[in-house]
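> need a structure here:
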Amino acid sequence: MRRVHIIVISSIGIALVATTPALTTGTIAFLWNPEAIAIVLGGSILASIAGSSPEHMVAALRALRAGLRPNADALTIAQWWIQAAIQWRHEGFPGLTRAVSSAPSTTAAALAELCADGLDAETIVSPAEEMVETHYRSYEGAISVYRRLAG
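Numbers count the residues shown, from 1 in each chain. Next up is the predicted model:
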């Protein structure tokens, strides 16, 4: 629903930018000015790169790539865990290895590998929290790059 909202609001903004001057000049051809477009977009991108650390830029590119992939929802991940547990119980380690290769996320795969190592729940909690914190910090850096780019 959020993506639809963004598309609708962006479309309204583009329509306003195009129609207001078109009513004055009678044409929207003024919008096509490659030099101005290159200056605005190039300057914005270069300013964002200059104001960001290399780590944040890499995080921004990864977040962009991740945003284009369909994300697994909680139900999909829960179903995968159930299926992985069934495969592990029936087939042993080869079944778990096969389940890890089809994990809906890298975090789920890493946690399943920790389970396969025979660690107890208390021992797995600390690495799991660290993975979540690392992902959070990575997205925090990516968000700062996109905020700078939008500004």
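> got the contact list for stretch 144-151?
Residues outside stretch 144-151 that contact it (CB atoms under 8 Å, 6 or more residues apart in numbering) are 44, 45, 47, 48, 51, 52, 56, 57, 59, 60, 63. C-beta here means a position set from N, CA and C on the backbone, and glycine is covered the same way.
> which residues of the protein fall in helices?
2-25, 34-50, 54-68, 74-91, 93-101, 106-116, 121-150 (DSSP state H).
> coming back round to it: let me know the closest of the contacts of stretch 144-151 to residue 75.
Proximity of those to residue 75 (CB to CB) peaks at residue 63, which lies at 23.4 Å.
> the closest one touches residue 137, doesn't it?
No: proximity of residue 63 to residue 137 does not meet the contact threshold set by CB atoms under 8 Å, at 12.0 Å.
> around residue 87, how many other residues sit close by?
18 (other CB atoms under 10 Å).
> need the pLDDT of the residue lying closest to it once chain neighbours are set aside.
The shortest distance from residue 87 to any non-neighbouring residue, by CB to CB, 6 or more residues apart in numbering, is to residue 95 (3.5 Å). Here, the pLDDT recorded for residue 95 equals 81.
> per-residue confidence at residue 118?
For residue 118, the model assigns a pLDDT of 75.
> look up how far residue 141 lies from residue 47.
17 Å (CB to CB, to the nearest Å).
> the two: who's more crowded?
residue 141 (18 against 13).
> how about the contacts made by residue 23?
Applying CB under 8 Å, 6+ apart, no residues qualify as near residue 23.
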